[in-house]
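In: Next comes the sequence, and after it the predicted model I'd like to discuss.
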Amino acid sequence: NPSLRWAFQPVIDDDLIARKPLDAWNSELWNKVPIMTGYNSNEGTYYVDKKMSDPAQFRDFWRSLLPELSSADLDTIDRLYPDPSSDSSSPYVETRTGYGLGSQYKRIEAAYGHYAYVAPVRQTAQFASSQGVPVYLYNWAFPKTVVGRANHGENMAYETFDSAITRVSESQKELSGTLHAYVTSFITKGD
């Protein structure tokens, strides 16, 4: 997409990656093996301005990231992620105090996380499962910190049964062991 300002895109090398992923899905020409994929509940926390406080900054973020979005597109994003400064019922009202978070942080974190991580993962799961491939989809929601919550990559230490996690407490060891067992079962048995 020429409007996309994002460095991490598949590189078509005509060997391992012969076509754009969307073209592969649509053509049904891809290696149909079971897929385990997932996302964390707060994927966007690393990548957005924690001090964002002006609703105009929210729109400007999307305008800069995707310059070809129309005003109507931006209006849709605004509706999907209600402005907490003008809508007290918005699920993005920031209630964490003492952490230097702007009033738009919870909103931009959710919107960016959904755009960059959650939606692509769910799209992958939908494409694969609609073509008869078993898909195991997870949502890692364990909040490791107050600000980052369950942010991008937080699940990895649990997946690998990392001693930095397992020695924290018995409950952390049990949680890590459970996720590790699921991942190991998928790698070794495909389920």
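Out: Thanks, I have the structure now. Residues are numbered from 1 along each chain as shown.

In: what's the longest helix anywhere in the chain packed up against?
Out: Secondary structure of the chain per DSSP state H: the longest helix is helix 170-189. Contact here means 3 or more CB pairs under 8 Å, 6 or more residues apart in numbering; DSSP states H and E; on that basis helix 170-189 packs against strand 135-140, helix 156-159, helix 163-166. Yep, even glycine has a C-beta here, placed from its N, CA and C like the rest.

In: That helix vs strand 135-140, what angle?
Out: 160 degrees (axes from the mean of the first three to the mean of the last three CA atoms, to 10 degrees).

In: contacts for helix 170-189?
Out: Here helix 170-189 makes contact (CB atoms under 8 Å, 6 or more residues apart in numbering) with 34, 36, 136, 138, 140, 142, 155, 157-162, 165-167, 191.

In: Which members of the residues you listed are classed as buried?
Out: 36, 136, 140, 155, 157-158, 160-161, 165-166 (16 or more other CB atoms under 10 Å).

In: can you redo the helices and strands packed on helix 170-189 as a markdown table with mean pLDDT and distance to Ser129?
Out: Formatted as a markdown table, these follow (pLDDT from 0 to 100; distance: least, CB to CB, whole Å):
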| stretch | mean pLDDT | distance to Ser129 |
| --- | --- | --- |
| strand 135-140 | 96 | 5 |
| helix 156-159 | 95 | 22 |
| helix 163-166 | 96 | 31 |
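
In: okay if I get the ones you listed as JSON lines plus distance to Asp14?
Out: Converted to JSON lines, these look like this (distance: least, CB to CB, whole Å):
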{"stretch": "strand 135-140", "distance to Asp14": "27"}
{"stretch": "helix 156-159", "distance to Asp14": "31"}
{"stretch": "helix 163-166", "distance to Asp14": "41"}
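
In: helix or strand for Ala111, which one?
Out: helix 105-113 (DSSP states H and E).

In: quick one: which of the helices and strands packed on helix 170-189 is nearest Pro120?
Out: Taking CB to CB, strand 135-140 is the member of the helices and strands packed on helix 170-189 nearest to Pro120, at 12.2 Å.
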